[in-house]
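*Asks:* Sequence and computational prediction follow.
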Amino acid sequence: MYSLLTGCYAHYTHKQELSLAVIGLSTAGKTTFVERVSALYSGREMPTRITPTIGLNVRRADIGSASLRLWDLSGDTSMSSLWPSYYREAHGIIFCIDSKNRSTLPLVQEELNKLVQSGQLESHPLLLLLTKSSTSLDLLEEQVGQCVTESELREFLGLGSLGVDVARSILICEVDALSGHGIRPAMDSFLGTIERFMKE
């Protein structure tokens, strides 16, 4: 009886291990996002000082029935060539994009094209995360108008021309990691997409 009860307990409390590769250009807000997710779901305080990632930073977070391992990968140009080596072991890819820096969009498009050409998006869902977005209540009115929106990003990257198989794997969410605004809905949507991919 004891074995049966412990077996049932283990079954219902077991969390599925998922690894997420968090990529993006330098200063796109990757580390702030990863720290916010970890703090938000663990109940701990956000670090008062966020330093740029050198190489790899790993954080964990339990969300529902999933135990997440977040790989915060450096956005330095010398490190971006190593991103693909993490894709193979990841269940999903999160691409952080600084919504307040429109000048980086051509470079973002370059990296997205590499992802598409690699074939990774046929088996890996991708979350395009617009960080530092206008959802922040602290932004001034003129700054809000400068932020890249979801529709603008979709149009600039030409997501509609990528084909059904690729387009269905891409989500776009707007978040403000400093305040935590939009983080929970973004993660819930992305984990739902990962679950769907794993069932197919």
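*Replies:* It's in.
*Asks:* Isn't Ser67 up against Gln16?
*Replies:* Yes. Using C-beta atoms under 8 Å, Ser67 makes contact with Gln16 at a distance of 6.8 Å. C-beta: built from backbone N, CA, C; applies to glycine.
*Asks:* so Tyr55 touches Met79, yeah?
*Replies:* Tyr isn't right for residue 55; it's Gly. Yes. Between Gly55 and Met79 there is a contact under C-beta under 8 Å: 6.8 Å.
*Asks:* So if I had to pick from these two, which one is more boxed in?
*Replies:* A direct count of neighbours by other C-beta atoms under 10 Å for Gly55 and Met79 places Met79 higher, at 16 against 10.
*Asks:* Arg184 versus that one, what's the distance?
*Replies:* 29 Å (C-beta to C-beta, to the nearest Å).
*Asks:* so what's the backbone phi/psi at Ile172?
*Replies:* Main-chain torsions, Ile172, degrees, to the nearest 10: phi -130, psi 130.
*Asks:* Quick check: Ala28 touching Ile94?
*Replies:* No. Look at Ala28 against Ile94 with C-beta under 8 Å: they stay out of range, at 10.7 Å.
*Asks:* Comparing these two, which residue is more hemmed in?
*Replies:* Set Ala28 next to Ile94 and count neighbours by other C-beta under 10 Å: Ile94 wins out with 27 against 24.
*Asks:* helix, strand or coil for that one?
*Replies:* Classification of Ile94 using DSSP: H, G, I helix; E, B strand; the rest coil returns strand.
*Asks:* Pretty sure it sits against Leu129.
*Replies:* Yes. Counting by C-beta under 8 Å, Ile94 touches Leu129, with 5.7 Å between them.
*Asks:* Need the single longest helix in the chain, by residues.
*Replies:* helix 183-199 (DSSP state H).
*Asks:* quick one: contacts of it?
*Replies:* 18, 33, 36-37, 40, 63-64, 66, 91-92, 94, 123-125, 127, 129, 169, 171, 173, 175, 177 (C-beta atoms under 8 Å, 6 or more residues apart in numbering).
*Asks:* ok, which stretches of this structure are helices?
*Replies:* Ranges of helices in the chain, per DSSP H, are 2-13, 30-42, 77-80, 83-87, 105-118, 141-146, 150-157, 164-167, 183-199.
*Asks:* taking those helices together, which one is wrapped up most tightly?
*Replies:* Mean neighbours per residue, mean count of other C-beta atoms under 10 Å, is largest over the helices of the chain for helix 30-42, with a mean of 21.
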